Structure formats: structure tokens, C-alpha cells
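Visitor: Need a 3D model of the sequence below.
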Amino acid sequence: MYKRMLTGVAAALLISTAIVPRAAAQSEAGGYLAGRHAAVNSDFREAARFYTQALAQDSGNVELLESTVLSLISLGELEKAAPLARMLEEKNQTSQVARLAMIADMAQSEDFAALISSETTTDGIGPWVDGLVKAWAQVGAGDVTSALASFDALSEEAGLEGFVMYHKALALASVGDYEGAEAIFAATGAGAAGQTRRGVMAHVEVLAQLERYEDALEVLSTSFGDATDPELERMIRILEAREPMPFTHVEDAKSGIAEVFFTFAAVLRAESAADNYVLLYARIARYLRPDHVDALLLTAGLLETLDQNALAIEEYGSVSADDPAFHVAELGRADALRRSGKDDQAIEVLQQLARTHGDLAVVHSTLGDMLRGQDDYDAAIAAYDRAIERAPETAPVRWVLHYSRGIANERAGNDIEMEADFRAALALNPEQPQVLNYLGYSMVEQNRNLEEALNMIERAVAASPSSGYIVDSLGWVFYRLGRYEEAVVQMERAVELLAVDPVVNDHLGDVYWAVGRNREAEFQWSRALSFIEEDDADGEADPLRIRRKLEIGLDAVLEEEGAPPLKLSNDI
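Guide: Predicted coordinates for the structure are as follows:
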């Protein structure tokens, strides 16, 4: 049922942005078309501006009204969307977009009576959202008995009953019934929502109200293990000191309604629903509860996915420096800056974060990744050093840190350090295909330990058979071992997987030459040249060497280079 409801809402939203207004041929046509173009590109700020201009010419156009409401909600300007949504309802227009804005407006003004009496069978959002909003409105109206009955009735519907019970637990806690809330959290009834980070932390706060500090610490340990962060560490400190810990996750009915929209936004994001649709729910959660940092981070992440990096940077930047989630927001802001092509600013953000949150391994590893992307390998290695020093010995991320530092060492020409890092990564994750391939291919390029390299690369192919780069490595180690016919099979497969990669095509040319298929070799070398970008002079495929092979052949090039000649047979 729920998925069918989502499909209907999503379709309605898509239709609302696709209808050409009846008056589009009149004076507002330019504004409408510009707004529509901006909306298609998820440029909500420009879409809202152009649609508003068009509305000034034709304020009664229902399609324009709906498109403007949609853009304003996406932009987070619910206070501007509500009056336009009200105009749509006054025109007896059924619009789920307008309904979203109206629910947000009623919840913001705490008009719980209106929310309770709202007709949802004809113009509601969907049974789950409508039902949870109504139950929370009943809490806000002081009718907790009816609210609990509403939660129970809604939980009988198959599908998301776990999420309903999660909200019932939050509602009980919001009115001080911590025993009732704990009974739900302790059972399986809280469902998947209760197992999220936010759900676990709500459970811990409930246990703290009951002064069950050891149980709360056990819940944290079971759920997160050694993976702590400033927010979790703060909770642990308070619990260990037996200090008061208020219940903050839902403080009243309005924040409960905000939680409804956040819950479903998180669910939809996890199910890969349309990001611009999920954004509407996340924006409403933020509007009703501005201090909902999880909704803020979700909103900013959605904006990044939609390539609205300037808006994402604004969202991330609104988290205060004393917030426990500040480092998460700053990591997101740095990523959005990088996506915007502002690498220097991104690095500056991370360097400042390393000064204020230097005890967090993720800060240094992210800085290392950014510096490596800028080819500043020595600085990247230093950042990875600090990350590895701070990561717990049992942390699953340690193999990634060694792998990343190994790549930086390889690029910096530190072959001994590179190999040590890759072997350390394999000691932690023995069958990781990327590490196996990287180390194996590096040894092939150095023409050493070829049998060990073959073993590693074969394991990598077994783990990731559709990776063209790994299959290419297998073909290349066969070539270096003189097993040319086997090399042909793998290289042809690699070219099927990576048809326009210059290195793979160059390798296939060498393999063809080794088995006497010279004309096909020359064709592949020519293809490889055609795929090398003019500005990619530092790429792995060497255009000068490829041209030389086309001029005099591979045997002569190897002789010029003082390299071992091709084997006369496959006997090794």
C-alpha cells in the first residue's frame, strides 16, 4: 500500500511541474518557461523567482500556482508557499503539493484542531503521513487517549507498523510516560526506525529519564561499538557521571510532526526515491523544527545530490560551532565546496576543522583525500598518518586508511611505503579486490614478484569480475609472464568492459603484437591515441610511446628502452 501511495504522490509532483499553463502563450510565457527550465535543473531559487514573476501577470493560473509552491517548498521558504497553497485550496484544486504546504503551515501555527478536522480522503498526502500527523495533532490538542488509539489503529496496517510504534514511543516520552516509551523501545515494535542512530539515541534518552544509566550505556555500546563521535561521547560522559539528560528528540506535538516528515524523508532516501521529492519532506521537517540537525544534514545532502551546491553550503554553514554535529556539517560543506570547484576553500575548511576537531580520524582522512586529489601527496600522507594514529585498532575503516595512504605513497614514488600500506590493508581485509589489484598491478609494472601478483589479481577478478581495470591487470600480468594467448582473452574482455579507456586499448595492442596480430595491434594503438585527452599529459597512457610503436613496432621500442624482448613462445 505504502509504495503505491508513494508512486501516486511522486507522479502528482512530476505532473505538477510538467503541465504547460493555459496562459503560457501570453505575457507570462517567458517567466514560466524560464522557471520550468530552472525547475528541471533543480535550480529552485531561479525557478521560484521566474514563477513568481509569471504569477504577477496571471495570479489565477492554477498550474503556475502549484509550480511556484513546489519551488518554494524545495527552496525551504514555506512561509511564502503557504498563502499560494491556500489560494489553490480556495479554488477547490486538488494538489498534494499545496496540501504539504498547508499541513506545514497549520503545524507551524499549532492549529491542531484544523489538522485533526482536515479531510484527508480526497486531498491528503497518504495514509501513513496523514495518520501520524493526525495522531500528533491529537497530542498537541491534549487528547492523548485519542492519539494513542490513532497510533494503535495505524499500526494494524501492514507495512510500516514499526515506524508507527516508534512515533508512539516518542509521543509517550513527550508527555512524560517514559515507562511506556521504554516498553516499546525494548520490544521489537519500534521497528527499523528504532534501530537508526536517531532512534537509538532517543531510546538512550528515555532510559536516562528512568535513571537506568547502565542499560543506556549498554544500548550505546551494542549499537555503535567503538565508533564514537562528539555527540555520542557527550552522551556517554553524562551517563557515566549520572548527570541529568533531558529528552530532546521530540519535545512537543509540533516537533513530533516534524519528526514524521523527517522519518519518511529518511526512509525514502534509503529506498532511492526521487531526491527532489524527498527534499520536500526534509524541508518541512526543517521548517517545523529549525534545530533538527539531522533534517538539516539530510536536506544539505539532497541538495548536493541535486547539484545545488550553493544551497547545500548555506545549509551546512548554519550549524553552530558548539553543536556536536558541527564536524559532520563542516565535512559536508567541504565536499560541497569541492563539488563547486572551490578546492582551496574546501581544504581551508578541513584544515580549520583539523585544528578544532583534531581527535577525529575522519577529519584527517577527508583532508588527506582532498589533498591527494590536488596531487599534494606529501601533505596527504601526513594527513593519513594522523588519521591512522587516531583510528581505533578495531575500526573497520583502518584498511581504507592504509589503502588511501598507499595510493598517495605510490603517487609520491615511495614504493617501499606503498607496499607496506597495501599489505597492512590486506592484513585487515584479505580479499578486498581494489587493494589486491592495486598492489598486484604495481608489482607487475615493476616486473617483480609476478607469480604473487598473478595470485592477487586472480583473487581480485574472482571478487569483482565486472571491473574492467582489474580484468586488464590480469591480462597484463599474463603478458608480463609471457602467457600471451591467455593475455589476449583477458585483454579483449577488459576492452569490452572499458571500450574507450586508452590504457586498456594500448595494452590490448601490445598483447596482439606479442601473438603476431600486428595489424590489429596497430589498430588498438590508434584507438588508444584517440581516447587520450589533450590536457591529460600526465595520464598513464603515454602518447609519445604509442606513436613510436606505430612507427617502428613494439619489438623495436622495447629494444630502444633496453627492456627484455618479447618471448618467442609461451613457455616460461
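Visitor: Could you pull out the helices in the stretch 151-300 of the chain for me?
Guide: With DSSP state H, counting those that start in this stretch, the ranges of helices along the stretch 151-300 of the chain come out as 161-174, 178-186, 191-194, 197-209, 213-224, 230-240, 253-270, 275-288, 293-305.
Visitor: Would you map the helices across the stretch 401-550 of the chain?
Guide: Using DSSP H, counting those that start in this stretch, the helices of the stretch 401-550 of the chain run over 415-428, 433-445, 450-463, 468-480, 484-497, 502-514, 518-530, 543-552.
Visitor: can you list the ones you listed in CSV and add mean pLDDT?
Guide: Below are those laid out as CSV (pLDDT from 0 to 100):
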stretch, mean pLDDT
helix 415-428, 97
helix 433-445, 96
helix 450-463, 97
helix 468-480, 97
helix 484-497, 98
helix 502-514, 97
helix 518-530, 97
helix 543-552, 97
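Visitor: Let me have these in TSV, extended by mean neighbour count and distance to residue 154.
Guide: Backbone N, C-alpha and C define where each C-beta goes, glycine included. Output for these, formatted as TSV (neighbours: other C-beta atoms under 10 Å; distance: least, C-beta to C-beta, whole Å):
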stretch	mean neighbour count	distance to residue 154
helix 415-428	18	46
helix 433-445	23	45
helix 450-463	19	45
helix 468-480	24	49
helix 484-497	19	49
helix 502-514	24	55
helix 518-530	18	61
helix 543-552	15	65
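Visitor: For residue 313, which non-adjacent residue is closest in space?
Guide: Sequence neighbours aside, residue 336 is the residue nearest to residue 313 in space, at 4.8 Å (criterion: C-beta to C-beta, 6 or more residues apart in numbering).
Visitor: Hmm, I typed the wrong one, I wanted residue 167.
Guide: Nearest non-adjacent residue to residue 167 (C-beta to C-beta, 6+ apart): residue 132, at 5.6 Å.
Visitor: wait, what's in contact with that neighbour?
Guide: 151, 154, 164, 167, 260 (C-beta atoms under 8 Å, 6 or more residues apart in numbering).
Visitor: switch to 7 Å and redo it
Guide: Applying C-beta atoms under 7 Å, 6 or more residues apart in numbering to residue 132 gives the contacts 154, 164, 167, 260.
Visitor: Export those to a markdown table and append columns for neighbour count, pLDDT and distance to residue 329.
Guide: Output for those, formatted as a markdown table (neighbours: other C-beta atoms under 10 Å; pLDDT from 0 to 100; distance: C-beta to C-beta, whole Å):
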| residue | neighbour count | pLDDT | distance to residue 329 |
| --- | --- | --- | --- |
| 154 | 22 | 91 | 34 |
| 164 | 26 | 91 | 31 |
| 167 | 27 | 95 | 26 |
| 260 | 27 | 97 | 24 |
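Visitor: Nearest to residue 353, out of those residues: which one, please.
Guide: Residue 353 lies nearest to residue 260 out of those, by C-beta to C-beta, at 32.9 Å.
Visitor: what about the closest residue to the closest one other than its chain neighbours, distance to residue 115?
Guide: Closest residue to residue 260 apart from its sequence neighbours, by C-beta to C-beta, 6+ apart: residue 132 at 4.5 Å. Residue 132 sits 11 Å away from residue 115 when distances are taken as C-beta to C-beta, to the nearest Å.
Visitor: One more: residue 164?
Guide: Computed as C-beta to C-beta, the residue 164 to residue 115 distance reads 17 Å.
Visitor: domain ranges for the protein?
Guide: 1-109, 462-572 (automatic domain parsing).
Visitor: Which one, of those, ends up nearest to residue 269?
Guide: Nearest to residue 269, of all the domains of the chain, is domain 1-109, at 12.4 Å by C-beta to C-beta.
Visitor: Check which residues of the host helix or strand of residue 32 are buried.
Guide: If you go by DSSP states H and E, residue 32 is part of helix 29-40. Neighbour counts using 16 or more other C-beta atoms under 10 Å place 29, 31-32, 34-36, 38-39 of helix 29-40 among the buried residues.
Visitor: got the CA positions of stretch 425-444 in PDB?
Guide: Extracted in PDB, the C-alpha atoms of stretch 425-444 (Å, rounded to 0.1, in the frame of the first residue of the first chain):
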ATOM      1  CA  ALA A 425      45.300  -3.100   4.300                       C
ATOM      2  CA  LEU A 426      45.200  -6.700   3.100                       C
ATOM      3  CA  ALA A 427      46.100  -8.000   6.600                       C
ATOM      4  CA  LEU A 428      42.800  -6.300   7.800                       C
ATOM      5  CA  ASN A 429      40.700  -7.100   4.700                       C
ATOM      6  CA  PRO A 430      42.500 -10.000   2.900                       C
ATOM      7  CA  GLU A 431      40.100 -10.300  -0.100                       C
ATOM      8  CA  GLN A 432      39.500  -6.700  -0.900                       C
ATOM      9  CA  PRO A 433      39.600  -6.600  -4.700                       C
ATOM     10  CA  GLN A 434      40.800  -2.900  -5.100                       C
ATOM     11  CA  VAL A 435      43.800  -3.500  -2.800                       C
ATOM     12  CA  LEU A 436      44.700  -6.800  -4.300                       C
ATOM     13  CA  ASN A 437      44.600  -5.300  -7.800                       C
ATOM     14  CA  TYR A 438      46.500  -2.100  -6.900                       C
ATOM     15  CA  LEU A 439      49.300  -4.000  -5.200                       C
ATOM     16  CA  GLY A 440      49.400  -6.800  -7.800                       C
ATOM     17  CA  TYR A 441      49.400  -4.300 -10.700                       C
ATOM     18  CA  SER A 442      52.100  -2.300  -9.100                       C
ATOM     19  CA  MET A 443      54.300  -5.300  -8.900                       C
ATOM     20  CA  VAL A 444      53.500  -6.200 -12.500                       C
END
